[in-house]
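>>> fold the following for me, if possible:
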Amino acid sequence: SNNEIIINENMEYKKAIKNGATAFFEDKYGDFVRVVNIGDYSMELCGGTHVETTGQIGSLYVSSESSISSGIRRIEAISSEEADRYINDKLRLVNEVSQLLKNPKNVSKAIQDLLDQNTKLSKEIEGLKAEKAQSLKLDLSKKILANDGVNVLIEKVNIDAGSIKNIAFQLKGEVENLFMVLGSESKGKANLTVLISDQLAKDKALHAGNIVRELAKEINGGGGGQPFFASAGGSNPAGIESALEKAKGFLV
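Next comes the predicted model:
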């Protein structure tokens, strides 16, 4: 519709209210008020600016809506050419998404199907990681060597840092007096993990955090942690082997 905006600049307040005008913050109005009428559906007291007709507003898009106090809500919107640009941008985005999805009949369903597929594949990947970690843990447990009452495991592995930590604590719970140092490479970066059984750390005065900081020098990195568990990262994967060799010296 294209209703004319009719403004009465000087109407008695009581008369305006009696005629049905909407008023806000009553204590701020004087005896005479400015009344704005839009068609037969809006009549309110307002001192702000207005268009001459509602048609001048053009398209209107509500961008936000919120509560500012009890019983009062704040609505923000864009209109006219700005609203047209916003809507056109959204339509262009929908078209681009539709083309990427090979123009399905139902874009929303196609996106939901992709999300569901991604969730399913992510779970499968996590399951494969868990299987790989369990297999690696079994292989590592076979490589543990007893050395003067200490069970030593110093190896380079091919697995992500999160899985290494899980394996380390599983082995810690299964193997007594464990001294373990694992090195790995991921995305061109080097990682080192040191785990020492609690009693062994006390008996031998070993500190995983101090050890990993020293080993990290070989991979051009740094790190730290607790006496029983620590990790480090560095930019030189080529130094992993020398770091693992260096780790053997802490048991001498």
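>>> could you point out the helix or strand that follows the helix ranked longest in the chain?
Looking across the chain with DSSP state H, the single longest helix is helix 107-142. Next in sequence after helix 107-142, counting helices and strands by DSSP states H and E, comes strand 145-147.
>>> next, the distance between the ends of stretch 231-250.
16 Å (Cα to Cα, to the nearest Å).
>>> tell me the average confidence for the longest helix of the chain?
Mean pLDDT, computed over helix 107-142, is 92.
>>> buried ones in it?
If you call a residue buried by 16 or more other Cβ atoms under 10 Å, then helix 107-142 has these buried ones: Ala110, Ala133, Leu136, Lys137, Leu140. Just so you know, the C-beta spots here come from the backbone N, C-alpha and C atoms, and that holds for glycine as well.
>>> which non-adjacent residue is nearest the third one?
The shortest distance from Leu136 to any residue that is not its chain neighbour, by Cβ to Cβ, 6 or more residues apart in numbering, is 5.9 Å, and that residue is Ile159.
>>> could you do the second one as well?
Distance criterion Cβ to Cβ, 6+ apart; nearest residue to Ala133, sequence neighbours excluded, is Ser163 at 4.4 Å.
>>> Ala83 now?
Of all residues beyond its chain neighbours, the one nearest Ala83 is Ser59 (4.0 Å), with distances taken as Cβ to Cβ, 6+ apart.
>>> ok, the one you found - contacts?
Each residue near Ser59 by Cβ atoms under 8 Å, 6 or more residues apart in numbering is listed here: Ser79, Ser80, Ala83, Asp84, Ile87.
>>> which of the residues you listed fall in helices?
Taking DSSP H as the definition of helices, the contacts of Ser59 contribute Ser80, Ala83, Asp84, Ile87.
>>> measure the residue lying closest to the third one once chain neighbours are set aside to Asn19 for me?
If I follow you right, that is Asp84. Nearest non-adjacent residue to Asp84, counting by Cβ to Cβ, 6+ apart: Ser59, 5.3 Å away. Using Cβ to Cβ, to the nearest Å, we find Ser59 at a distance of 31 Å from Asn19.
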